[in-house]
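Enquirer: fold the following and give me the result.
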Amino acid sequence: MTIAGRLQSPDTRIERIRRRYATPVVIHRIPVGLKPHVCTPGLDFERHWRTIGAVALFTIQNEFRYEIVRKIFEGGMGIVYEAEQLGASEFVKRIAIKVIRQHYADQKQFIENFIGEAKLVADLIHTNIVQTYHLGETRGVYFIAMELIRGVNLEQFAQQLADKKRVLPRELAIFIVSRVARGLAYAHAKADKDGKTLGIVHRDVSFKNIMIAFEGDVKLTDFGIAKARGFLIDNEGEVVAGKADYMSPEQANFQVTDRRSDLFSAGVVLAHLVLGKNLFKASSPEESRQRMMTMPIPDFRTLDSKVDDRLNEILHRALARNPDERYPTGDELLYDLEHYIYHSGYGPTNETLGKYIRELFGQAILPASRADAKGDTLILGASPVSSAKQ
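Expert: Residues are numbered from 1 along each chain as shown. Got it, this is the predicted structure:
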């Protein structure tokens, strides 16, 4: 590890400044070679303090090393691996690595959005959002190092329920979506360093992008087509981004979206979990898109006995086609969902959900054996090669 720069005491120039002014000045200790920044009388202290705070005290240069353990997921545009991040003194951290597929590596807009996604989510630090640790590049291929979730997405979760002919308890369905609403409320309210709201809209809240860890944590992931001021290329109004059977009517109709679009999608997820099926899903994406815009929202009480009057009201407000009649914020949706499951006393928790999902999957999903993969080296941007056993 290389540490560049060292701290030094204020020089004689700063001492002269101290003597020059009768009132105190603020001196910031900085590395050798950088010009001292002094807040002088009569200047805006807050503005100068923000400037001072932006100056690095010193720089630590370090090369990250990741050892790939196994492939977790393979999609059309990228591959996600489990990896070990290695550090000093045998430090090891299990993470996930998201790598762009080779044939997208030369597409400028795709790369810019991939980089934009990493920069966008870097400061989204919340228990209900998968955390991003690092954006890297090697041999012209970009990758994102992120939090590793030991669990499944809702699509896998629903399939296991169907395979075992199990019905998800209503309270757990509501609890899952309440955690999604919690993560969305945080992302929607996220501001930049100057306090200006970023205007984040996920635009792909769906079964595939909601994960449940075996400990019971619910995590929103994949901000790859999100929109936010200054981070990603946005062709909204020209193209439809997202999954047709989860997108809001305005999103399906090529209109500009805001945070209420994500809350509609959260309503679709809730209805899907409660009913065990997605009412908007048709035989093709185009038919699903049309359903989103035109299909009457049903009285859910007639579709499933688990739906009472209050839950029916929540679903109808979340799925209101007019955004002005929908939940305006994730916090308000979260309040109604939590009030529903907790107003009469004890309700589900992460531990409750964790116990349920572990029992549901049993030994169906096991962690990969590190010994089986040790010695394999993945060269990003080229075909995997096998090195000699260490």
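Enquirer: return the backbone torsion pair for Arg65.
Expert: phi -130, psi 130 (degrees, to the nearest 10).
Enquirer: doesn't Gln85 belong to a strand?
Expert: Yes. Under DSSP: H, G, I helix; E, B strand; the rest coil, Gln85 sits within a strand.
Enquirer: ok, now how distant is it from Gly75?
Expert: According to Cβ to Cβ, to the nearest Å, Gln85 and Gly75 sit 22 Å apart. For the C-beta atoms, the positions are set from N, CA and C on the backbone; glycine is no exception.
Enquirer: kindly report the same for Val141.
Expert: Distance of Val141 to Gly75, computed by Cβ to Cβ: 16 Å.
Enquirer: higher neighbour count, those two?
Expert: Higher neighbour count among Val141 and Gly75: Val141, with 18 against 12, using other Cβ atoms under 10 Å.
Enquirer: next one, pLDDT for the more buried one please.
Expert: We have a pLDDT of 82 for Val141.
Enquirer: please apply the same query to Val152.
Expert: The model reports Val152 with a pLDDT of 94.
Enquirer: which helices and strands does the longest helix along the chain pack with?
Expert: In the chain, taking DSSP state H as the definition, the longest helix is helix 170-189. With contacts defined as 3 or more Cβ pairs under 8 Å, 6 or more residues apart in numbering; DSSP states H and E, helix 170-189 has these neighbours: strand 210-213, strand 218-220, helix 259-275, helix 330-342, helix 350-361.
Enquirer: the longest one vs helix 330-342, what angle?
Expert: Using axes from the mean of the first three to the mean of the last three Cα atoms, to 10 degrees, the inter-axis angle of helix 259-275 relative to helix 330-342 is 20 degrees.
Enquirer: report the mean per-residue pLDDT for helix 259-275.
Expert: 97.
Enquirer: which helix or strand lies directly C-terminal to that helix?
Expert: Using DSSP states H and E, the helix or strand that follows helix 259-275 towards the C-terminus is helix 285-294.
Enquirer: what sits against the closest residue to Leu337 other than its chain neighbours?
Expert: Leaving aside its sequence neighbours, Leu337 sits nearest to Ser178 (Cβ to Cβ, 6 or more residues apart in numbering; 4.0 Å). Shown in contact with Ser178 (Cβ atoms under 8 Å, 6 or more residues apart in numbering): 334, 337-338, 341.
Enquirer: can you check Ala252 too?
Expert: Here Ala252 is in contact with 240, 244, 289-290, 292-293 (criterion: Cβ under 8 Å, 6+ apart).
Enquirer: and the pLDDT for it?
Expert: So Ala252 comes in at 89 (pLDDT).
Enquirer: out of the helices and strands packed on helix 170-189, which comes closest to Leu57?
Expert: strand 218-220 (33.4 Å; Cβ to Cβ).
Enquirer: following that closest one, which helix or strand comes up?
Expert: helix 249-252.
Enquirer: in that next one, what's buried?
Expert: 249-252 (16 or more other Cβ atoms under 10 Å).
Enquirer: check stretch 136-143 too.
Expert: 136, 141-143.
Enquirer: what's the first-to-last distance across it?
Expert: End-to-end distance for stretch 136-143, by Cα to Cα, to the nearest Å: 5 Å.
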